[in-house]
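**Student:** Provided below for reference: sequence and predicted model.
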Number of protein chains: 2
Amino acid sequence: MMTNASAVPRITGTTRLFSVLGDPVTQVRSPMLINPMFVRLGIDAVLVPVHVAPEHLAEVCAGLKRIGNLDGMFITVPHKVAVCGLADRMSPAVEIAGSANVMRRESDGSWYADNFDGVGFVEGLVSTGNSPVGKRVLLVGAGGAGAAIAAALLAAGVSELSIHDRDTATLDALLRRLGSRWRVGVRGLAAPDTGAVDIAVNATPLGLRPEDPLPFAPHGLPPGCVVADIVMKPRETPLLAAAAALGYRVHHGSHMLDHQLDCYRRFFRLGEIRTGPT
Amino acid sequence: MMTNASAVPRITGTTRLFSVLGDPVTQVRSPMLINPMFVRLGIDAVLVPVHVAPEHLAEVCAGLKRIGNLDGMFITVPHKVAVCGLADRMSPAVEIAGSANVMRRESDGSWYADNFDGVGFVEGLVSTGNSPVGKRVLLVGAGGAGAAIAAALLAAGVSELSIHDRDTATLDALLRRLGSRWRVGVRGLAAPDTGAVDIAVNATPLGLRPEDPLPFAPHGLPPGCVVADIVMKPRETPLLAAAAALGYRVHHGSHMLDHQLDCYRRFFRLGEIRTGPT
């Protein structure tokens, strides 16, 4: 799907609202992807960034849900897990992952949560020639995005999935949820093990801030390994820079979001793309 | 101040938010005035319409106040009175009028309310050659906008101000607040009296919906009387159409908002207009 970053919606009193909730929120790319999509589809709507601290998430969400012309929300770090408790219903993907990245208002006024992080990440890998099917994957980060990616990698058919998270309670909870559906191929790691891996994935927010430590040290990875990051800003995270310097193939964070656009369009029932003059 | 309605802000993760709250909200013109001003000033901010029903105003306001990148709110019908109870502090104009049309976040995190409807309306009259100084004014509507306009007309120096509102409790409360500051020249009317009037003003929302009755019948007004409306959409309200057909001069609702732009810019500390290439 082509995007035209210079296309911006004209906002009037009839404009419908979408919000993307995060903390921080300055790094989000979704407004630059979704707003040109609205223009392209001829939809009178706009997506705006909403900075909300974790301690205010419930209050902000309650207020946003009561806005009559707000049709949906995108959810990013660190709210993807907590927001599940604020939805009225959720998709199987959310139940397995324990995290959501979109919510929409249903016709009965209730709010329905879904998660396209995992699907978007896997489709991004496939599109760059790094299909995870049959591969051994190391996943660091079992939070909102990591959980969604873990479920999608297993659904796609990886041969082995090793997951590490500094927070052992978070890791154990994810392993239990995954284990109820997939009996083989998943194991938890007390520390990242880079010895026998085809694809190594950072699904933590580490790299978003310049002072962050690396989520894992890439130098022990086998030759030919793909190092993937979900952090989108900066594009060249310290992890990807270190991996590239060591000769590994790198997979940027932007792919995950790029491959979610069509999912969002369908989820928010934004209609088919209109062809013809714009 | 020139406006360029085609200038629309480009929204990214760093964009600051402003909202305009109303019920309905589809008729608001502020996004088309304020957003081009942001672009002209080189400010990374956007104003979006927020549709909120009266029973949800407190909950929506509480949520909006917790949004870290939301710096201010515009308030329109029917929330201008109720929102005063949701501000931490308010200007003298708000105290007298009992209504607010803007709120901003202060550096200490508190919310400060002000009201520029009255000032904007009076400046609009002056700009079209209809200065209210020394004039007899009939004002119909003692709600949020009407109260602000009443206070500004008295401050400007009208000779007589007669106010009617179907809701006698609202009218009496406004008369008490005005009476504490202005000892002469204000009276309440049980019905609109069009006999001895230089300027007749509709400050009710009547005219916003096609099925609304006229706020007052213009045919008894003296020749040469100015009939003013604060309803902005439709531009030619049934009241103004009837008045024009009878040969009266009419004053459109848009003037009130047009003359508030500079007030808003100062209130929200948006800096001076940058000159030079845009």
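**Tutor:** Sure thing, it's come through.
**Student:** Secondary structure element holding the residue nearest to A:Ser131 when sequence neighbours are not counted?
**Tutor:** Computed as CB to CB, 6 or more residues apart in numbering or on different chains, the closest residue to A:Ser131 that is not its neighbour in sequence is A:Leu125, at 6.2 Å. (C-beta placed from N, C-alpha, C; glycine too.) In the assignment (DSSP states H and E), A:Leu125 maps to helix A:117-127.
**Student:** Export that helix to CSV, keeping only CA atoms.
**Tutor:** What follows is helix A:117-127, C-alpha atoms only, in CSV (Å, rounded to 0.1, in the frame of the first residue of the first chain):
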residue,chain,number,x,y,z
ASP,A,117,1.0,-6.4,16.3
GLY,A,118,1.7,-10.1,15.9
VAL,A,119,0.2,-10.5,12.5
GLY,A,120,1.8,-7.3,11.3
PHE,A,121,5.2,-8.4,12.5
VAL,A,122,5.0,-11.8,10.9
GLU,A,123,3.8,-10.4,7.6
GLY,A,124,6.6,-7.9,7.7
LEU,A,125,9.2,-10.7,8.1
VAL,A,126,7.6,-12.6,5.2
SER,A,127,7.6,-9.5,3.0
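**Student:** what lines up beside the following helix or strand past it in the sheet?
**Tutor:** The helix or strand immediately downstream of helix A:117-127 is strand A:136-140, counting by DSSP H and E. Here strand A:136-140 is paired, per DSSP bridges, with strand A:160-164 (parallel), strand A:199-202 (parallel).
**Student:** deepest of these, which one?
**Tutor:** strand A:199-202 (a mean of 27; mean count of other CB atoms under 10 Å in any protein chain shown).
**Student:** mean confidence score for the next helix or strand after that strand?
**Tutor:** Per DSSP H and E, strand A:199-202 leads on to strand A:226-229 as the next helix or strand towards the C-terminus. The pLDDT scores in strand A:226-229 average 98.
**Student:** Could you count how many residues lie near the closest residue in space to A:Thr168 that isn't next to it in sequence?
**Tutor:** Nearest residue to A:Thr168, sequence neighbours excluded (CB to CB, 6+ apart): A:Ala190, at 7.8 Å. A count of nearby residues for A:Ala190, using other CB atoms under 10 Å in any protein chain shown, gives 9.
**Student:** With the one 3 residues further on instead?
**Tutor:** Other residues within reach of A:Asp193 by the criterion other CB under 10 Å amount to 14.
**Student:** which ones are touching it?
**Tutor:** A:Asp193 makes contact with A:Leu138, A:Ser162, A:His164, according to CB atoms under 8 Å, 6 or more residues apart in numbering or on different chains.
**Student:** Please apply the same query to A:Gly72.
**Tutor:** A:Gly72 touches A:Phe18, A:Val102, A:Met103, A:Arg104, A:Arg105, A:Phe267, A:Phe268, counting by CB under 8 Å, 6+ apart.
**Student:** what pairs with A:Arg136 across the strands?
**Tutor:** A:Glu160.
**Student:** Chain B versus that one, what's the distance?
**Tutor:** Using CB to the nearest CB, to the nearest Å, we find A:Arg136 at a distance of 35 Å from chain B.
**Student:** Could you do A:Val119 as well?
**Tutor:** For A:Val119 relative to chain B (CB to the nearest CB), the value is 23 Å.
**Student:** Skip the chain neighbours and tell me the closest residue to that residue.
**Tutor:** Per CB to CB, 6+ apart, closest to A:Val119 is A:Ala152, 5.4 Å.
**Student:** Checking the one you found next. Helix, strand or coil?
**Tutor:** helix (DSSP: H, G, I helix; E, B strand; the rest coil).
**Student:** circling back: please give me every residue in contact with the residue nearest to A:Ser131.
**Tutor:** A:Leu125 neighbours (CB under 8 Å, 6+ apart): A:Ser131, A:Pro132, A:Ile199, A:Val226, A:Ala228, A:His251, A:His255.
**Student:** any low-confidence regions in chain A?
**Tutor:** Low-confidence segments of chain A (pLDDT under 70): A:1-8, A:271-278.
**Student:** which residue ranges form the helices in it?
**Tutor:** Secondary structure of chain A by DSSP state H: the helices cover A:30-41, A:57-65, A:92-97, A:117-127, A:144-156, A:168-179, A:238-245, A:254-258, A:261-267.
**Student:** Restricting to C-alpha, output the longest one in CSV.
**Tutor:** By that I understand helix A:144-156. Extracted C-alpha coordinates of helix A:144-156, given in CSV (Å, rounded to 0.1, in the frame of the first residue of the first chain):
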residue,chain,number,x,y,z
GLY,A,144,2.1,-6.3,25.3
ALA,A,145,3.8,-6.4,21.8
GLY,A,146,6.0,-9.4,22.7
ALA,A,147,3.0,-11.5,23.7
ALA,A,148,1.2,-10.7,20.5
ILE,A,149,4.3,-11.5,18.4
ALA,A,150,4.8,-14.8,20.3
ALA,A,151,1.3,-15.9,19.5
ALA,A,152,1.6,-15.0,15.8
LEU,A,153,5.0,-16.6,15.5
LEU,A,154,3.6,-19.9,16.9
ALA,A,155,0.5,-19.6,14.7
ALA,A,156,2.8,-19.1,11.7
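**Student:** Next, the angle from it to strand A:160-164.
**Tutor:** Interaxial angle, helix A:144-156 versus strand A:160-164 (axes from the mean of the first three to the mean of the last three CA atoms, to 10 degrees): 170 degrees.
**Student:** tell me what helix A:144-156 is packed against?
**Tutor:** Packed against helix A:144-156 by the contact rule (3 or more CB pairs under 8 Å, 6 or more residues apart in numbering or on different chains; DSSP states H and E) you find helix A:92-97, helix A:117-127, strand A:136-140, strand A:160-164, helix A:168-179.
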